[in-house]
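*Asks:* Provided below for reference: sequence and predicted model.
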Amino acid sequence: MKVLHVITGLGIGGAEQQLRLLLRQLPVDSDVITLTNPGAVADGIVADGGRVTDLAMTGNRDLGALPRLTRLVRQGRYDLVHTHLYRACLYGRFAARFAGVRTIVATEHSLGAVQIEGRPLTASARGLYLAGERLGTATVAVSATVARRLERWGVRPDRIHVVPNGIEAGRFAFDPAARRAARARLGLAPDAFVVGAVGRLTGGKRFDRLVRAVARLPGAQLLLVGEGPERGRLLRLAEECGAAGRVLLPGACQDPPPVTRTGAPGPHDPPDLPALLAAMDVSVSTSHDEAFGLASLEALAAGLPVLYVACPALEDLPPAAAPDARRISGSVPGLVEELGRLRSWHQERARLPVPPAVRHYDISHSAEQLMAVYERAARGRAAPIREVSCP
């Protein structure tokens, strides 16, 4: 089977890095077209031996990109086109149809309760989404929560397949040496209490609440991994709260990391994501609107206690699947209370055992489920694939 993946961009982000992980697992011949921004993840896919083409689209209304994309699809003689993210799903589905490809799968990565990829869920956005969705063969939801949202939007249930995001769990196993090295690199004391969070620095993530909470905990440090438009505001807020020296923003982190000739990070490379998680003592997700919650799952794989406001990946499983993940309100006083409790835990205990939820969301399992969707779609079978419960 020859598959073309079409994605809006390949900068560092959850959907983008999830695509790279899947490409490393899927037993098919795959190409990737990015509509714009062939960033760090594109470099990673190429380093893995993949092929990436940049369509160089100039904006949402660059209609000239459609015939260019159609031509590439036709020339590639693909058996299946798989689209990712809102803009790529629209252009990719039309291009596949124009090129004569009839098996079209789309993954819905970012449908929240009130937004999709940061856009408000307006009637016009919903109408355009549904018009494009009808051109495809199947729609993949990254969680059962997203599948229910798609049904409420009006997507036919028999077209929805749940294929959850996944992680390479073994890469996140706690390494005391990596913890010491990362803390030394970041200027964190060996015995400091470090609160961590991973995500794009946008208003919807509500990291400002985490800055305010950490500022109220004397001696606590905040390690906020990510990049985005809120970076400057968060730094100013930390200064206003008197915590400028205790809030670290090391930037975005490509995961998996770039591959060097030796297969290991270079001596001057920044710590990778597993090392940064090893440097933390607790992981917090303050976002109130998530489609999956990958950062919380990675933190659990690293043996961290997790506080989250919204995490469909965990909410869709029984509580016993992640006993050290705790749902919270996300208010600043509530964060202060929860972090104070965990600081006492940090002084008494070592890393936590990896919970069943992590094994449940292994990327190899996700790839197997996606291949089942491909095969059913190619045969014209509509029976939806639903995720099984965590044992």
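*Replies:* Nice, I can see it. Everything numeric in this text was worked out from a predicted model, so none of it was measured.
*Asks:* what are the buried residues along stretch 211-219?
*Replies:* Burial within stretch 211-219, assessed by neighbour count using 16 or more other Cβ atoms under 10 Å, is assigned to 211-217. All C-beta spots, glycine's among them, are computed from the backbone N, C-alpha and C.
*Asks:* quickly name whichever of these is closest to Leu276.
*Replies:* Leu276 lies nearest to Val214 out of the buried residues of stretch 211-219, by Cβ to Cβ, at 16.4 Å.
*Asks:* I figured the closest one hits Leu224, correct?
*Replies:* No. Applying Cβ atoms under 8 Å, one finds Val214 not in contact with Leu224, separated by 9.4 Å.
*Asks:* where do the contact lists of those two overlap?
*Replies:* Shared contacts of Val214 and Leu224, defined by Cβ atoms under 8 Å, 6 or more residues apart in numbering, comprise Val247.
*Asks:* what are the contacting residues of stretch 150-164?
*Replies:* The contact list for stretch 150-164 (Cβ under 8 Å, 6+ apart) reads 107-108, 111, 126, 129-130, 133, 136-144, 146-147, 292, 313, 361, 366, 369-370, 373, 382-387.
*Asks:* go again using 7 Å as the cut-off
*Replies:* If you take Cβ atoms under 7 Å, 6 or more residues apart in numbering as the criterion, stretch 150-164 is touched by 108, 111, 126, 130, 133, 138-144, 147, 292, 313, 361, 366, 369-370, 373, 382, 384-387.
*Asks:* show me the shaky parts of the protein.
*Replies:* For the chain, the stretches flagged by pLDDT under 70 are 258-270, 346-350, 381-391.
*Asks:* domains in it, as residue ranges please.
*Replies:* What automatic domain parsing lists as the domains of the chain is 2-166+362-379, 169-360.
*Asks:* what about Leu135, neighbour count?
*Replies:* As a burial measure, Leu135 scores 15 neighbours (other Cβ atoms under 10 Å).
*Asks:* that should have said Gly251, apologies.
*Replies:* Around Gly251 there are 12 other residues, counting by other Cβ under 10 Å.
*Asks:* for it, which non-adjacent residue is closest in space?
*Replies:* Nearest residue to Gly251, sequence neighbours excluded (Cβ to Cβ, 6 or more residues apart in numbering): Glu227, at 5.4 Å.
*Asks:* am I right that that neighbour is in a helix?
*Replies:* No. Secondary structure of Glu227 (DSSP: H, G, I helix; E, B strand; the rest coil): coil, not part of a helix.
*Asks:* from Asp208, how far off is Pro120?
*Replies:* 20 Å (Cβ to Cβ, to the nearest Å).
*Asks:* more neighbours: which of those two?
*Replies:* Taking other Cβ under 10 Å, Pro120 and Asp208 do not tie; Asp208 has more neighbours (17 against 9).
*Asks:* skipping its backbone neighbours, what lies nearest the more buried one in space?
*Replies:* Leu237 (5.7 Å).
*Asks:* can I take it that the one you found is in a helix?
*Replies:* Yes. Looking at Leu237 with three-state DSSP, it is inside a helix.
*Asks:* ok, it - how many residues close by?
*Replies:* Leu237 has 18 neighbours, counted by other Cβ under 10 Å.
*Asks:* now swap in Gly64 and tell me
*Replies:* With other Cβ under 10 Å as criterion, Gly64 counts 10.
*Asks:* how close does it get to Leu85?
*Replies:* Separation of Gly64 from Leu85 (Cβ to Cβ): 20 Å.
*Asks:* hang on, the earlier thing: wait, doesn't the residue nearest to Asp208 sit right on Leu210?
*Replies:* No. Taking Cβ atoms under 7 Å as the definition, Leu237 is not a contact partner of Leu210, at 10.2 Å.
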